[in-house]
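Student: Here is my input, please return the structure:
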Amino acid sequence: MRVRLWAIISIITLGLVATSLGEAWAQQRKPPYYASIAASKARMRTGPGRNYPASWLYQRADLPVKVVEVYNDWRKIEDPDGTQGWMQVQLMSSQRTGYVVGGIVELRDAPRLNGRVNWRAAPGVVGRISRCERGWCWFDVRGRAGYVEQNRIWGTEPGEELP
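Tutor: Numbers count the residues shown, from 1 in each chain. This next block holds a predicted model:
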């Protein structure tokens with residue numbers, strides 16, 4: 001009985017550690033790379049430390065950001081508007097998201113211009129990106145998803161392919 005309980009506790013602990021290590025590993029990539037804001041409220045600071053003043057307060061979880069520099073547990077990020085500053089890595093996620101730029105985008109059932117339009121998204125809408133290939137990305141906005149032309153969302157490099 002004790003051995004079985006110990007085994008269950010060990011498996012759960014290892015799973016939590018593996019998840020944390022996976023997230024930490026993803027946040028240790030060499031910049032530049034894209035990530036997203038995980039917290040519902042996150043402060044951007046003028047330097048890599050809490051002693052630096054906050055320059056922005058983001059209140060939008062899943063907003064994509066581009067990591068341009070790494071310093072210990074701090075990341076210098078750039079938001080979709082081009083604003084740069086420092087954010088604690090704990091406030092960020094490796095989840096890839098996109099931000100609609102330009103005009104209204106059409107989310108299609110297939111990665112081609114003549115694909116059926118499933119949904120439309122206005123500029124500024126944020127969605128999750130799960131894969132990109134040949135100039136198209138699968139874009140999911142709270143369960144309403146479809147293929148979007150890659151150049152219509154901010155959160156990927158031009159021509160970048162995601163599995």
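
Student: My read is that Trp154 contacts Gly98, right?
Tutor: Yes - counting by C-beta atoms under 8 Å, Gly98 is a contact partner of Trp154 at 6.4 Å. In this view, the C-beta of every residue, glycine as well, is placed from N, C-alpha and C.

Student: Which one's more surrounded, those two?
Tutor: The residue with more neighbours, out of Trp154 and Gly98, is Gly98; 29 against 20, by other C-beta atoms under 10 Å.

Student: which SS state does that one fall under?
Tutor: For Gly98, the assignment made with DSSP: H, G, I helix; E, B strand; the rest coil gives strand.

Student: right, and it touches Glu149 too?
Tutor: No - using C-beta under 8 Å, Gly98 is not in contact with Glu149, being 11.1 Å away.

Student: Lys66: which element?
Tutor: For Lys66, the host element (DSSP states H and E) is strand 64-71.

Student: Show me what that strand pairs with in its sheet, parallel or antiparallel.
Tutor: Strand pairing for strand 64-71, using DSSP bridges, gives strand 33-37 (antiparallel), strand 74-78 (antiparallel).

Student: Using JSON lines, lay out the ones you listed together with mean neighbour count and mean pLDDT.
Tutor: JSON lines is the format used below for those (neighbours: other C-beta atoms under 10 Å; pLDDT from 0 to 100):
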{"stretch": "strand 33-37", "mean neighbour count": "22", "mean pLDDT": "97"}
{"stretch": "strand 74-78", "mean neighbour count": "21", "mean pLDDT": "98"}
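
Student: Mind checking those for the one nearest to Val141?
Tutor: With C-beta to C-beta as the measure, strand 33-37 is the member of those nearest Val141 (13.7 Å).

Student: So for Gly159, which of the strands paired with strand 64-71 sits nearest?
Tutor: Of the strands paired with strand 64-71, nearest to Gly159 by C-beta to C-beta is strand 33-37, at 14.0 Å.

Student: and the following helix or strand past that closest one, C-alpha only, in PDB?
Tutor: Sequence-wise, the next helix or strand downstream of strand 33-37 (DSSP H and E) is strand 42-45. The C-alpha trace of strand 42-45 is given here as PDB (Å, rounded to 0.1, in the frame of the first residue of the first chain):
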ATOM      1  CA  ALA A  42       1.600  41.800 -16.700                       C
ATOM      2  CA  ARG A  43       3.900  44.800 -16.300                       C
ATOM      3  CA  MET A  44       6.500  45.800 -18.900                       C
ATOM      4  CA  ARG A  45       9.400  47.500 -17.300                       C
END
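
Student: circling back to that earlier point, just put the strands paired with strand 64-71 in CSV and tack on distance to Asn114.
Tutor: Shown next, in CSV, are the strands paired with strand 64-71 (distance: least, C-beta to C-beta, whole Å):
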stretch, distance to Asn114
strand 33-37, 29
strand 74-78, 35
